[in-house]
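Chemist: This is a predicted model, with the sequence first.
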Amino acid sequence: MTLMRSALPILASLIAAFVLGAAPSPAQESLSTETHEASARLDIEKLIKDSGADVSIAFRSLDGGQELLIHADRPFRDSVAMKLPVMIELFAQAQARQLRLTDTIRVRNLFRSVVDGSAYAVDPASSDTLMHGAGHWVTLRELCEVMITRDSDIAANLLIEKLGLQSIQGRIHSLGADGMVLASYFGDSKAAERGIRNATTPRALMTILLALAHNQVVDEDASREMIGILSRSRLPGSIAYSPASAAARLQTPTGDVHDADIVFGARSFVLVVDVRGLTDPQATAALVGQIAHLLAAAI
């Protein structure tokens, strides 16, 4: 699904403001043997009720000690979240020496529908201008960079062709994130008409982000490179990263907003929030920030 560019600013500072201390290495952070529900549930439920919004939440501290799930298995659709497993599968296959990140692919805007194999082109508005010119060669690493930092559907589709839809979905399954389904290429309107859509749940997206934060997908160097790519995602509607947090705030044409954060610091956690029913972007941003603050304070 191609999303409109969000008018909602990326406000990583909402998270960074209350994450204190030096960031620990996620790979070295000790995991709790027992998970407790976050004590902030009642305050958050009241906050949501007072806002009038319909909110889904999946939250877990990186040490595994605290968790909060509210409507966490309700699916939502956005393009940026669904590009994360494509990036992870790329680095996993590179680690397994099935390919090299320096391998090259010729850029083109012609793909095959998963419904009947018919050809289609991606709407140029859904991809970065660097991907519009067919015929030039780019490396897999460059494609990944453009896919994540510019939310390019063309780059994503070229990588999916290289990696294989089944391989990517298999990687999602191996990470325990079966609520995330990559069922078609981006921009496949025939698939969408048949109800074949890429979607995730807050719980599944949280699971993917936890795996990335804990280096459970690839080695630590590859994880750092992937987070480095996230750090360069500064455009509205894509992923932003700072030394304190990685955040995605995506506003759909209906006004719904999806937010995903990895926060490293004295209080490290992953938070995914799906907000529906509010029309004021500032009110939505404030609600997400308040939810994140309450959860961080409860750790």
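Modeler: Cool, the structure landed.
Chemist: so how far is stretch 142-158 off the chain centroid?
Modeler: Mean C-alpha position of stretch 142-158 versus that of the full chain (Cα atoms, centre = their mean, to the nearest Å) differs by 14 Å.
Chemist: And that stretch, what's buried?
Modeler: Buried positions in stretch 142-158, judged by neighbour count with 16 or more other Cβ atoms under 10 Å: 142-158. Every C-beta, even on glycine, is put in place using the N, C-alpha and C of the backbone.
Chemist: Filter those residues down to just the ones in strands.
Modeler: Among the buried residues of stretch 142-158, none falls in strands (DSSP state E).
Chemist: Leu165 contacts Glu89, doesn't it?
Modeler: No - if you go by Cβ atoms under 8 Å, Leu165 and Glu89 don't touch, sitting 10.0 Å apart.
Chemist: More neighbours: the two, which one.
Modeler: Neighbours per residue (other Cβ atoms under 10 Å) separate Leu165 from Glu89, with Glu89 holding more: 23 against 15.
Chemist: Next one: the spatially most central residue of the chain from Gln290, what distance?
Modeler: By Cα atoms, centre = their mean, the chain has its centre lying nearest to Ala81, at 3.1 Å. Look at Ala81 and Gln290: by Cβ to Cβ, to the nearest Å, they are 22 Å apart.
Chemist: How about Ile44?
Modeler: Ile44 is 8 Å from Gln290, by Cβ to Cβ.
Chemist: higher neighbour count, those two?
Modeler: Ranked by neighbour count (other Cβ under 10 Å), Ile44 and Gln290 place Ile44 first, with 20 against 16.
Chemist: Quick check: the more buried one is in a helix.
Modeler: Yes - assessed by DSSP: H, G, I helix; E, B strand; the rest coil, Ile44 belongs to a helix.
Chemist: check contacts around it.
Modeler: Ile44 makes contacts with Ile57, Leu68, Ile70, Ile291, Leu294, Leu295, as judged by Cβ atoms under 8 Å, 6 or more residues apart in numbering.
Chemist: burial measure for the third one, as a count.
Modeler: This points to Ile70. 18.
Chemist: Over to the last one?
Modeler: Using other Cβ under 10 Å, Leu295 has 28 neighbouring residues.
Chemist: Phe269 is in contact with that one, correct?
Modeler: Yes - using Cβ under 8 Å, Leu295 is in contact with Phe269, at 6.7 Å.
Chemist: domain assignment for the protein?
Modeler: Here the domain assignment for the chain is 1-75+202-299, 79-199, based on automatic domain parsing.
Chemist: now these in JSON lines, with mean pLDDT?
Modeler: As requested, the domains of the chain are exported to JSON lines (pLDDT from 0 to 100):
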{"stretch": "domain 1-75+202-299", "mean pLDDT": "74"}
{"stretch": "domain 79-199", "mean pLDDT": "91"}
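Chemist: Pretty sure Leu205 sits against Ala260.
Modeler: Yes - contact criterion Cβ under 8 Å: Leu205 and Ala260 qualify, at 5.8 Å.
Chemist: all helices for the stretch 151-299 of the chain, in order.
Modeler: Ranges of helices in the stretch 151-299 of the chain, per DSSP state H, counting those that start in this stretch, are 153-163, 165-174, 189-193, 202-213, 220-231, 281-298.
Chemist: separation between the residue nearest to the centre of the chain and Val181?
Modeler: Using Cβ to Cβ, one obtains 11 Å as the distance from Ala81 to Val181.
Chemist: Overlap in contacts, the two.
Modeler: Listed contacts common to Ala81 and Val181 are Thr200; contacts here mean Cβ under 8 Å, 6+ apart.
Chemist: where's Leu163 relative to Ala96, distance?
Modeler: Leu163 sits at a distance of 12 Å from Ala96 (criterion: Cβ to Cβ).
Chemist: Show me which of these two is the more surrounded one.
Modeler: Neighbour count, other Cβ under 10 Å: between Leu163 and Ala96, Leu163 has more, with 20 against 9.
Chemist: nearest residue to the more buried one other than its sequence neighbours?
Modeler: Glu89 (5.0 Å; Cβ to Cβ, 6 or more residues apart in numbering).
Chemist: How about Ala298?
Modeler: Closest residue to Ala298 apart from its sequence neighbours, by Cβ to Cβ, 6+ apart: Ala40 at 4.1 Å.
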